[in-house]
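Asks: Model the following, please.
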Amino acid sequence: MTYRKTIVSSALEAEHDYPEARHTERDMEELWQVNLDVIREAVAAADVDPCRD
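Replies: You can find the predicted model right below:
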């Protein structure tokens, strides 16, 4: 069995709107940017080259 070690983790929050009960709205552009920021932060913290094979 192969075990993998977590090298680094990162997290940011994205805004949610709740226009009515049991409904959630999100700004997809903001969600994309938050995800992109988290990926960049994690890659930088791991000190790896994402373009290297």
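
Asks: State the distance from the closest residue to residue 25 other than its chain neighbours to residue 27.
Replies: Nearest residue to residue 25, sequence neighbours excluded (CB to CB, 6 or more residues apart in numbering): residue 17, at 4.3 Å. (Glycine included, C-beta is placed from N, CA and C.) The spacing between residue 17 and residue 27, counted by CB to CB, to the nearest Å, is 8 Å.

Asks: Compare those two and say which is more crowded by neighbours.
Replies: Neighbour comparison, residue 17 and residue 27: the larger count goes to residue 27, with 13 against 9 (by other CB atoms under 10 Å).

Asks: follow-up on the earlier one: show me what contacts the residue nearest to residue 25?
Replies: By CB atoms under 8 Å, 6 or more residues apart in numbering, the contact list for residue 17 reads 24-26.

Asks: Would you check how far apart it and residue 48 are?
Replies: When distance is defined by CB to CB, residue 17 is 36 Å away from residue 48.

Asks: so how far is stretch 37-53 from its chain's centroid?
Replies: Remark: stretch 37-53 is offset 12 Å from the chain centroid, using CA atoms, centre = their mean, to the nearest Å.

Asks: for the record, mean pLDDT for that stretch?
Replies: Averaging pLDDT along stretch 37-53 yields 86.

Asks: Buried residues in that stretch, which are they?
Replies: residue 42 (16 or more other CB atoms under 10 Å).

Asks: what's in contact with it?
Replies: Residues outside stretch 37-53 that contact it (CB under 8 Å, 6+ apart): 7-12.

Asks: if we go to 6 Å?
Replies: When contacts are defined by CB atoms under 6 Å, 6 or more residues apart in numbering, stretch 37-53 is touched by residues 7-8, 10, 12.

Asks: Drop anything exposed from the residues you listed.
Replies: Buried among the contacts of stretch 37-53 by 16+ other CB under 10 Å: none.

Asks: now those residues in a markdown table, with distance to residue 36 and pLDDT?
Replies: Shown next, in a markdown table, are the contacts of stretch 37-53 (distance: CB to CB, whole Å; pLDDT from 0 to 100):
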| residue | distance to residue 36 | pLDDT |
| --- | --- | --- |
| 7 | 19 | 79 |
| 8 | 16 | 87 |
| 10 | 11 | 87 |
| 12 | 10 | 87 |
